[in-house]
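> please find the sequence and the predicted model below.
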Amino acid sequence: MSERTLLNPHSRNEMTTKARGWSGRLLTYLILVGWSLFTIFALSWIILASFKTTREIFREPFKFPAEIQWENYVNAWNSVRLGDYFINSVIVVAISLIILLAVSAPAAYALSRYKFRGVALITGLYIMGIGIPYPLLFIPLFSLLTALRVVNTLPGLILVYVSLSIPFTVFLLTGFFATLPGELEEAALIDGCTNWQTFRYVMLPLAAPGLLTAAIFNGIGLWNEYQLALVFINNPDNRTLSLGLYAMQNAMQYTGDWPALFAGVVIVMVPTILLFIILSERMISGITMGAVK
Amino acid sequence: MKVSTRFLAAMLLPASLLYLIFFLIPTAQTLYFSFFDFSGFGDDKVFIGLDNFTELIGDDLFLLSMRNTVIILIFGGFLIFGLAFMFTAMLNSDLRGRRYFRAIIFIPNVIATIALTTMWSYIYNPRFGLLNSGLKSLGFEELGKTTWTDPSKIFWAMLVALIWIFVGFYMVLLLAGSDKIPMEYYEAAKLDGASQVQMFIKITVPMLWDVITVAVVMWSIAALKIFEFPFAFTSLEPVPETYTSAVYLYIMGFGQRTPIYRLGYASAIGVWMLIAVIIVIVFLRRAMRRDVVQY
């Protein structure tokens, strides 16, 4: 076995676990392929089922539908109103991201590039927020939003989304800003820029990758979440897409319309899966950015 | 660098204001509320001191939710990290399609939890679900009639789904970390005759220690606040067997079909969750100190 490694100085592989001989490799491939097949199969199955009739789902789980039932999607979009909810989600997520980045970037910049009294304390307070579980905020926030008369509204939800995403985003961006070289700031200041101009026109553009990562992460998280929407939105008109799917799932016991439910699942899944396929490298490097130095 | 306080304040103010008003102060309020008994209707807030907490200790449902959360954290955590390490090792070996495997194993983490609960409820459905249909078509008639979602099994069924979801995330972290380990270490070890296991223990784990620490902390926080999957996994209301602390908090505070609105009691659960996070993080920081691991 070790002859193999000595004879192959160019292969990058022989490190962590080199599968010895054929049986090791076979087992490795079997496990990986098995796991992957399961995932692909389960996902494809749902997509397939969204084009079937209810009967076909019950009777013939593994076959292709006799005819593609586009109406499942039409039902989900219109009568179940997932179309409206889709738009709500787009609005809420887009606005939340804009506000989130607009407030977090300056804060992260201030915390990472300047030394002043209390910087460690403030940074620590922000990071502490990452460990605070959302559920314990449900009740006080519900009271607060009610007092502000924005409970049950999309703006209220946006306020919550932004505020709860601040700790992680500030943490991410401070890490990012800290990696930028200081000479550029000094050069800008020498050239007569104000602090604000330095930030806005010199450092911020350099931070674009970090901002993009923060946008992707938070964007996907907010699009997918239904926990907060569940607490703060009771009015069906204002539901977000994920919350709409949750409501649809609950309604299943009355409607029994499985195909439309699967159509709803596909509508919810597809945007993020597509985003992932397009951006997978950036996403994965984003996750690891904070964790791996 | 010369900088005016006004500038700093302006940069920090918007985020800090939002954070203070909608995050920090509510956190403190939860603590405050936990000492009261009230329902949010009418202004009756009755101060009852630690009564909520003493009641929690004797509350079977709360204890069940705690047990479930802890099992997810520890048992689930071991399985998730075990599989994540295994996949990391596999994907680090000379392998074709590494990118694809990594993407497929990771992909559940970009899909909405609510979509995944629908998918898994479907897989486990006793009459026409994928699992039973598959078992039956493979000839396991009896097994293919199992009600995977009945109370004795549903928690474990859910745990399987949770593991399937999270393995990819932690695998990606470990992979990124292990990419940075220089090959020379392994080559030198091999020349010295090290076995795979030895290389793993003596090289991979120590060099990944920082990443592992971050990953374990992330998982702990995530596990302690798991809500979305258990809450939507059973068709209408979550059954007690799938309660986690977060789910129980929601139910006590907002009720379900039957309104409950015990806001003070729910806040006490929230305080417990916060204490749990603090305890776990303090414990992990001690247990995973660098000098524990010899180089």
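Yep, that arrived. Residues are numbered from 1 along each chain as shown, chains lettered A, B, ... in the order given.
> C-alpha only now, for contacts and for neighbours.
Fine.
> quick check: B:F140 is in a helix.
No. Using DSSP: H, G, I helix; E, B strand; the rest coil, the assignment for B:F140 is coil, not a helix.
> burial count for B:G264?
Counted by other CA atoms under 10 Å in any protein chain shown, the residues lying close to B:G264 total 28.
> thought it was touching B:F35?
Yes. Checked against CA atoms under 8 Å, the pair B:G264 and B:F35 is within contact range at 6.6 Å.
> intersection of neighbour lists for the two?
Listed as contacting both B:G264 and B:F35 by CA atoms under 8 Å, 6 or more residues apart in numbering or on different chains are B:N52.
> for A:P133, see how far away the residue most central in space within chain B is.
Centrality entry for chain B: nearest residue to the mean C-alpha point is B:A223, 2.3 Å, by CA atoms, centre = their mean. Using CA to CA, to the nearest Å, B:A223 is found at 10 Å from A:P133.
> try B:L12
Going from B:L12 to A:P133 by CA to CA gives 24 Å.
> who's in contact with whichever strand or helix holds B:T54?
Using DSSP states H and E, B:T54 maps to helix B:51-58. Helix B:51-58 is contacted from outside by B:34-37, B:62-63, B:264-265, B:268-269, using CA under 8 Å, 6+ apart.
> residue contacts, the residue in the stretch 151-293 of chain A that chain B sits nearest to?
Relative to chain B, the nearest point of the stretch 151-293 of chain A is A:N224 (4.3 Å; CA to the nearest CA). By CA under 8 Å, 6+ apart, A:N224 lies in contact with A:242, A:268, B:111-114.
> give me the subset of those residues lying in strands.
When DSSP state E is applied, these are split such that none fall in strands.
> quick one: which of those is nearest B:F22?
Ranked by distance to B:F22 (CA to CA), these are led by A:S242 at 22.7 Å.
> what's the spacing between the closest one and B:T117?
For A:S242 relative to B:T117 (CA to CA), the value is 12 Å.
> neighbour-wise, which of those two wins?
The neighbour comparison of A:S242 against B:T117 (other CA under 10 Å) goes to A:S242, with 30 against 25.
> what's the pLDDT at the more buried one?
The score at A:S242 is 95. That number is its pLDDT.
> so which bits of the stretch 151-293 of chain A are right by chain B?
A:159-160, A:163-164, A:166-167, A:195-196, A:220, A:223-227, A:242, A:245-246, A:249-250, A:252-253, A:265-266, A:268-269, A:272-273, A:276, A:280, A:284, A:287-288, A:291-292 (CA under 8 Å from any CA of the partner chain).
> can you list the weak-confidence ranges in the chain?
I went with chain A, as the question did not name one. A:1-22, A:290-293 (pLDDT under 70).
> hmm, I had chain B in mind actually
For chain B (pLDDT under 70), the answer is B:1-2, B:41-43, B:94, B:196-197, B:235, B:257, B:290-295.
> swap the cut-off to 80 and go again
B:1-3, B:40-44, B:93-95, B:141-145, B:183, B:193-202, B:235-236, B:256-260, B:289-295 (pLDDT under 80).
> show me where it has strands.
With DSSP E, the ranges of strands along chain B come out as B:36-37, B:46-47.
> domain ranges for chain A, per the record?
Chain A breaks down into these domains under automatic domain parsing: A:2-72, A:75-291.
> the helices in the stretch 1-150 of chain B, which residues?
B:5-19, B:25-33, B:51-58, B:60-71, B:77-92, B:98-106, B:113-124, B:130-137 (DSSP state H, counting those that start in this stretch).
> ranking those by burial, who's on top?
With neighbours defined as mean count of other CA atoms under 10 Å in any protein chain shown, those peak in mean count at helix B:113-124, which reaches a mean of 23.
> which secondary structure elements does that helix contact?
Judged by 3 or more CA pairs under 8 Å, 6 or more residues apart in numbering or on different chains; DSSP states H and E, helix B:113-124 is in contact with helix A:21-49, helix A:241-255, helix A:258-291, helix B:130-137, helix B:228-233.
> tell me how far it is from the chain's mean position?
Counting by CA atoms, centre = their mean, to the nearest Å, helix B:113-124 is centred 17 Å from the centre of its parent chain.
> now it against helix B:130-137, angle please.
Here the directions of helix B:113-124 and helix B:130-137 differ by 20 degrees (axes from the mean of the first three to the mean of the last three CA atoms, to 10 degrees).
> now, among the contacts of helix B:51-58, which is nearest to chain A?
Out of those, the member with the shortest distance to chain A (by CA to the nearest CA) is B:I269, at 7.8 Å.
> let me see the contact set for that closest one.
A:136, B:56, B:245, B:249.
> try it again at 10 Å.
Going by CA atoms under 10 Å, 6 or more residues apart in numbering or on different chains, B:I269 touches A:135-136, B:30-31, B:34, B:52-53, B:56, B:62, B:245-246, B:248-250, B:252-253, B:263, B:275.
> and it, how far is that from A:L145?
From B:I269 to A:L145 the distance is 21 Å (CA to CA).
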